[in-house]
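> Predicted model follows, preceded by the sequence.
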Amino acid sequence: MFRRSALVAAVFLVLASATASAGGNTVHITSSAFPASTFTGIGGDIEFSNESGNSHTSTSDSSLYPWNKPLPPSTSASVNFPFPGAYAYHCNIHSSMHGKIRVFMERTPSSGTTATTFTVFVATAQAPTGFKFIVQRKVPGGQFRAFKSTRAKQFMFHPSAAGTWAFRSRYLRNSDGAMSGWSPVLKIVVGA
């Protein structure tokens, strides 16, 4: 339930660099470039596969969700993404190599009516102490507005009108306000 189909991933990956492509949830490094964006659902793993003849790293830009994976030639390393948002990363060896992991929320069901109760999954687990999820909502025809600040991994949504509702979220550390970028938009289609 927390993984997108390969077809959806392939559509997003058309935007990737010609020298580094992401297929499924793998970033294939074939030269000195990362794709601009790689997508996964909450709880998804991104595998960084170094298929070039040079050493690289996959290193988080922020201490909010830190990782640093050395990637000698012909090796790979994975990073799990349990929380929604956009997470920038770089190569410590090649200053021109930058990318972003975009982690989207999930929902069930994917569509319904105003009588349907939807479950929106913000994360795979409750936010750790000192962290929270900031969720924005867009009503049909409206703009994104603050909706909830929560540590909970999911919430129930009861639509008040038909149309396309949208949600996005980011991960925030309370102590210093450090936060991820916004997750990709999650849409829920509500019929009459």
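In hand now; what should we look at?
> contacting residues for the one residue sitting closest to the centre of the chain?
Closest to where the C-alpha atoms of the chain average out (CA atoms, centre = their mean) is residue 103, at 0.8 Å. Listed by CB atoms under 8 Å, 6 or more residues apart in numbering, the contact partners of residue 103 are 39-42, 44, 81, 83-87, 183-184. Bear in mind the C-beta positions are built from the backbone N, C-alpha and C, glycine included.
> The helix or strand that contains it pairs with which strands, and in what direction?
Per DSSP states H and E: residue 103 is located in strand 98-104. Using DSSP bridges, strand 98-104 pairs in its sheet with strand 37-41 (parallel), strand 85-90 (antiparallel).
> State the number of residues packed around residue 96.
For residue 96, the count of nearby residues is 9 (other CB atoms under 10 Å).
> Spell out the secondary structure type for the closest residue to it other than its chain neighbours.
If the residues on either side of it in the chain are set aside, residue 96 comes closest to residue 32, at 6.6 Å by CB to CB, 6 or more residues apart in numbering. What DSSP: H, G, I helix; E, B strand; the rest coil gives for residue 32 is coil.
> Now do the contacts for residue 32.
19, 52, 54, 56, 91, 94, 96, 97.
> Would you format these as a markdown table with secondary structure included?
Shown next, in a markdown table, are those (three-state DSSP):
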| residue | secondary structure |
| --- | --- |
| 19 | coil |
| 52 | coil |
| 54 | coil |
| 56 | strand |
| 91 | coil |
| 94 | coil |
| 96 | coil |
| 97 | coil |
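> list the helices and strands the biggest strand by length in the chain packs on?
Looking across the chain with DSSP state E, the single longest strand is strand 163-173. The contact analysis (3 or more CB pairs under 8 Å, 6 or more residues apart in numbering; DSSP states H and E) places strand 163-173 against strand 85-90, strand 131-138, strand 186-191.
> so for that strand, what's the average pLDDT?
The average pLDDT within strand 163-173 is 97.
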